[in-house]
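J.: coordinates only, no sequence provided:
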């Protein structure tokens, strides 16, 4: 297994108040996360510098400390696609720079 850093944005977290009212919290700003990979599969995701979420209007917030595991709130399949696309882009840029 190895770690791969990638930028995530627009994550959302639903929270429930009194078991009946659901509020969606939205990620405040893009952050880098470390995806622990097993081959091409994301096994765990850690918020390197932490991550913050706020409700519309900013009345309710949620913060995860730096290094906290946030696998449960991430779409692993989407992260796998994003990491593959970033690798393909890096390979294409290397080929362009080297003139292949």
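T.: Sure thing, it's come through. Computed from a predicted structure; not experimentally measured.

J.: not counting its neighbours along the chain, what's nearest residue 74?
T.: Spatial nearest neighbour of residue 74, excluding adjacent residues (Cβ to Cβ, 6 or more residues apart in numbering): residue 45 at 4.8 Å. C-beta here means a position set from N, CA and C on the backbone, and glycine is covered the same way.

J.: show me what the one you found is bridged to.
T.: Beta-bridge pairing for residue 45 (DSSP bridges): residue 35.

J.: list the contacts for it?
T.: 33-36, 69-71, 74, 76, 79 (Cβ atoms under 8 Å, 6 or more residues apart in numbering).

J.: quick one: low-confidence parts of this structure?
T.: Flagging of the chain using pLDDT under 70 yields the residue ranges 100.

J.: break down the protein into its strands, ranges please.
T.: 2-8, 12-17, 21-27, 31-38, 41-47, 51-54, 61-64, 68-69 (DSSP state E).

J.: mind putting those strands into TSV with distance to residue 93?
T.: Shown next, in TSV, are these (distance: least, Cβ to Cβ, whole Å):
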stretch	distance to residue 93
strand 2-8	16
strand 12-17	31
strand 21-27	28
strand 31-38	20
strand 41-47	23
strand 51-54	28
strand 61-64	32
strand 68-69	31
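
J.: nothing else from me, thank you.
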